[in-house]
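K.L.:
When you get a sec, could you give me coordinates for this:
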Amino acid sequence: MFEGPEGAGKSTQVARLAERLREAGAPTTVTREPGGTPIGDALRELVLHADVAIDPLVEFLLYSASRAQHVREVIAPALRRGEVVVSDRFAGASTAYQGYGRGLDLGFVADLNARVTAGVRPDVTLLLDLDPVAGLERVAGRGARDRLERAGLDFHRRVREGFLAQATADDSWLILDAGQAPERIAEQVWSAVRERCRLP
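P.N.:
Numbers count the residues shown, from 1 in each chain. Down below sits the predicted model:
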């Protein structure tokens, strides 16, 4: 799994890792959250792009619904087929964004995350860490911003704190400096995935 703040370069690294896995002969499924399924994509459009106010609890429940469908329809079947799953975001994002960022109770977030993921846990979570100011500057260069990208700097600082807290508490997480050149990050990602997932 790849996690990280806005503008950290997750999509770039997801694509690079998937390409290397396939070149190494590993069947690979690439997916993302929110999304990854027809229901998830519809919820993604609602929660990220609809011009409506969404209560933090409702936001989390929408992400959780997308995640539950994602696990059951995409991730679990791919794992049963023996494939490597590479995802842009997973449960750690809700802890960071809705727990730390929006202020929802962390115990509640953890409990619902555990229920909707049905025991599925990443072998390795790659946190692309980036100062929020730098990340939001990158995002601004891409054009129109989504609801999360438009949130204030204080929100994004809390989100970063949430990601770093999870990475510190869980040794399946690895923190990578997203301010480095993409090529260097890709090499660090590949090295970590080969080691932790026991790939040749």
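K.L.:
how close does the residue nearest the centre of the chain sit to L128?
P.N.:
What sits nearest the mean C-alpha location of the chain, by Cα atoms, centre = their mean, is R89, with 1.5 Å. R89 is 11 Å from L128, where distance means Cβ to Cβ, to the nearest Å. For every residue, glycine as well, the C-beta is placed using N, CA and C.
K.L.:
Give me the common contacts of these two.
P.N.:
2-3, 10 (Cβ atoms under 8 Å, 6 or more residues apart in numbering).
K.L.:
Buried members of those residues into PyMOL, please.
P.N.:
To isolate the buried subset of the shared contacts of R89 and L128 in PyMOL, counting by 16 or more other Cβ atoms under 10 Å, use the following:
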select buried, resi 2+3+10
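K.L.:
Low-confidence regions, this structure specifically.
P.N.:
50, 143-147, 200 (pLDDT under 70).
K.L.:
the helices in it, which residues?
P.N.:
10-23, 38-44, 56-70, 76-80, 91-94, 106-117, 132-140, 153-169, 182-196 (DSSP state H).
K.L.:
give me the beta-bridge partners of S87?
P.N.:
T31 (DSSP bridges).
K.L.:
Quick check: it touching T28?
P.N.:
No: contact criterion Cβ atoms under 8 Å: S87 and T28 do not qualify, at 11.0 Å.
K.L.:
So which of these two has more stuff around it?
P.N.:
Counted by other Cβ atoms under 10 Å, S87 and T28 do not tie: S87 has more neighbours, with 22 against 17.
K.L.:
can you count the residues close to E23?
P.N.:
Count around E23 with other Cβ under 10 Å applied: 8.
K.L.:
any idea how far it is from R81?
P.N.:
From E23 to R81 the distance is 19 Å (Cβ to Cβ).
K.L.:
again with Y63
P.N.:
Following Cβ to Cβ, the distance that separates Y63 from R81 is 26 Å.
K.L.:
Which one's more surrounded, the two?
P.N.:
Neighbour tally, Y63 and R81, criterion other Cβ under 10 Å: the higher count belongs to Y63, 25 against 9.
K.L.:
can you tell me how far the more buried one sits from H156?
P.N.:
For Y63, the distance to H156 - Cβ to Cβ - is 17 Å.
K.L.:
just R138 next, same as before
P.N.:
12 Å.
K.L.:
any shared contact partners between these two?
P.N.:
Joint contacts of R138 and H156 (Cβ under 8 Å, 6+ apart) are E6.
K.L.:
Show me the beta-bridge partners of the nearest residue to D170 once chain neighbours are set aside.
P.N.:
Leaving out its chain neighbours, the residue that sits closest to D170 by Cβ to Cβ, 6 or more residues apart in numbering is T125, at 7.5 Å. Counting by DSSP bridges, T125 forms beta bridges with W173.
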